[in-house]
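**Q** give me a 3D structure for the following:
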Amino acid sequence: MALKLINFTMLFYVNRAQLIFTTHDAMLLDLALLRRDQIWFTDKDPKTLATELFSLWEFSVRKSENIRNGYLLAGSCGMFRRTDA
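**A** Coordinates of the predicted model:
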């Protein structure tokens, strides 16, 4: 259902709409569907309970890389290497 909504929004509202949503659906982690700057993650620090928000754009990820498999196998964004670090 989410995939249909994303495709509909991107097809009919290219420059006139913004769709912001949260999901646990890893199937949406697809660079053929969304750009690296459109995919965001959160990470909660267990000590301070502070949540950090960061974009996939901040990591050294090739456009041809299967980010869904990497995310699922690593269990977190630990598979990605930050470019600013």
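
**Q** how about residue 21: what's its closest non-neighbour residue?
**A** Leaving aside its chain neighbours, residue 21 sits nearest to residue 2 (7.0 Å; criterion: CB to CB, 6 or more residues apart in numbering). (C-beta placed from N, C-alpha, C; glycine too.)

**Q** pretty sure that neighbour contacts residue 30?
**A** No: with contacts counted by CB atoms under 8 Å, residue 2 stays clear of residue 30, the gap being 11.8 Å.

**Q** pull out the buried positions in stretch 19-37.
**A** 29, 31, 36 (16 or more other CB atoms under 10 Å).

**Q** what residues does the longest helix out of those in the chain touch?
**A** Criterion DSSP state H: the longest helix present in the chain is helix 2-12. With contact meaning CB atoms under 8 Å, 6 or more residues apart in numbering, helix 2-12 is reached by 17, 19, 21, 23, 25, 27, 28, 33, 34.

**Q** what packs against the helix or strand following that helix?
**A** Remark: after helix 2-12, the chain's next helix or strand is strand 40-44, criterion DSSP states H and E. On a contact count with 3 or more CB pairs under 8 Å, 6 or more residues apart in numbering; DSSP states H and E, strand 40-44 meets strand 51-55.
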